[in-house]
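**Student:** Generate a structure from the sequence data that follows.
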Amino acid sequence: MPIKISDNLPAAKILESENVFVMTENRAMHQDIRPLKIVILNLMPNKVETETQLLRLLGNSPLQVDIDLMQTATHTSRNTTKEHLLEFYQTFDQLQTRLYDGMIITGAPVENLDFQEVDYWDELCVIMDWSRTHVYSTLHICWGAQAGLFHHHGIPKHPLPTKMSGIFRHRPLDPNHPLLRGFDEYFYMPHSRYTSIEAEDIENKPGLQLLALSETAGVAIVSTRDARQVFVTGHCEYDRYTLAVEYHRDVLRGIHPSLPQSYFPGDNPEAVPPMVWRSHANLLFSNWLNYFVYQQTPYNLETLHT
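**Tutor:** Now for the predicted structure:
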């Protein structure tokens, strides 16, 4: 089944060219089923790119998914046109009365700031509190995962000596957990961040479960025991060239970045990087949608309040 998106969203043409089943709002009006309702709080600078990456993964499912896109009201995006935001995005004030089966909170390039220094932090805290009563399961990504772990569970982030960038091998710690069902003994995921979460901090919280770990990149996937909150510290949604674009951008800025680890063949920044994380990215999103959004969410979302 497809994802349902706005008729003119740029991601629609890209995904249709990849044979990802998307359904426009006009066509969906004639469907007589109860689709899953997902809201994406997109904090990334290039919102169109992130939309496409997330919708590609959400569309690889037998479930019909209705998508709402949310932006912050207290921060103005400089990398996405006002026209795009006005046409396809809504603020929390416009969406706060709605109920959702699932929510995704993306990363953001602000991890070198203290949480309270982020200009939309207060608004984000309100949204995260709202998610506990208006969303069944929330998937937090990268900085969004760090923000969620700090706000909900008091777990701090720690600065790294250099940027963690590259493709890293991870090990599932509980292969029988539904979120990891079908995973190989090792899987790969991109990381792109300046801060980390300590495994010991997770293990000291009885309400949290550490699900996947990397010897190099550290904590990868964390969940509450009921999977109402899932935290992924990497970027499994990234495209083949996303890390390359970030690397060349930082070179032009004079930051002198290190090459992403295990990414460019022969450490040649002009070479085409192999995409070795796609299958597990699809599996992670499919498992989250199936086991923790579709199978557990109440049919009547009004019962989330009870």
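
**Student:** Could I get the full set of helices for the stretch 101-250 of the chain?
**Tutor:** Using DSSP state H, counting those that start in this stretch, the helices assigned to the stretch 101-250 of the chain run over residues 121-134, 143-153, 199-203, 242-252.

**Student:** Single out the most deeply packed of these.
**Tutor:** Most buried of the helices of the stretch 101-250 of the chain, by mean neighbour count (mean count of other CB atoms under 10 Å): helix 143-153, with a mean of 22. C-beta: built from backbone N, CA, C; applies to glycine.

**Student:** So in terms of bridging, what pairs with residue 231?
**Tutor:** residue 140, residue 222 (DSSP bridges).

**Student:** where does the stretch 101-250 of the chain dip in pLDDT?
**Tutor:** Across the stretch 101-250 of the chain, nothing is flagged by pLDDT under 70.

**Student:** biggest strand in the protein, by residue count?
**Tutor:** Looking across the chain with DSSP state E, the single longest strand is strand 158-172.

**Student:** Give me the phi and psi for the closest residue to residue 283 other than its chain neighbours.
**Tutor:** Leaving out its chain neighbours, the residue that sits closest to residue 283 by CB to CB, 6 or more residues apart in numbering is residue 182, at 5.4 Å. Main-chain dihedrals, residue 182, degrees, to the nearest 10: phi 90, psi -10.

**Student:** Residue 192: neighbour count?
**Tutor:** Residues near residue 192, counting by other CB atoms under 10 Å, number 21.

**Student:** Okay, and the beta partners of it?
**Tutor:** residue 165.

**Student:** just checking, it touches residue 245?
**Tutor:** No. Assessed by CB atoms under 8 Å, residue 192 is found out of contact with residue 245, at 10.5 Å.

**Student:** ok, which stretches of the stretch 201-306 of the chain are strands?
**Tutor:** For the stretch 201-306 of the chain, the strands defined by DSSP state E, counting those that start in this stretch occupy 208-214, 218-224, 229-232.

**Student:** just those: most buried one?
**Tutor:** Ranked by mean neighbour count, the strands of the stretch 201-306 of the chain are led by strand 229-232 with a mean of 27 (mean count of other CB under 10 Å).

**Student:** Now do it: which elements does it pack against?
**Tutor:** Counting contacts by 3 or more CB pairs under 8 Å, 6 or more residues apart in numbering; DSSP states H and E, strand 229-232 is packed against strand 135-141, helix 143-153, strand 218-224.

**Student:** what comes into contact with it?
**Tutor:** 137-142, 145, 148-149, 152, 179, 189, 220-224, 284, 288, 292 (CB atoms under 8 Å, 6 or more residues apart in numbering).

**Student:** go again using 6 Å as the cut-off
**Tutor:** 138-141, 145, 148-149, 221-223 (CB atoms under 6 Å, 6 or more residues apart in numbering).

**Student:** Among the strands of the stretch 201-306 of the chain, which comes closest to residue 48?
**Tutor:** Closest approach to residue 48 among these (CB to CB): strand 229-232, 21.5 Å.

**Student:** Just the CA atoms of the closest one, as PDB, please.
**Tutor:** Provided in PDB are the C-alpha atoms of strand 229-232 (Å, rounded to 0.1, in the frame of the first residue of the first chain):
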ATOM      1  CA  GLN A 229       9.700   6.000  22.000                       C
ATOM      2  CA  VAL A 230      12.400   4.800  19.700                       C
ATOM      3  CA  PHE A 231      15.800   6.500  19.400                       C
ATOM      4  CA  VAL A 232      18.200   6.000  16.500                       C
END
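
**Student:** Can you give the distance of that strand from its chain's centre?
**Tutor:** Put simply, strand 229-232 sits 9 Å off its chain's centre (CA atoms, centre = their mean, to the nearest Å).

**Student:** Leaving out chain neighbours, which residue sits closest to residue 123?
**Tutor:** Excluding its sequence neighbours, the residue lying closest to residue 123 (CB to CB, 6+ apart) is residue 74, at 4.7 Å.
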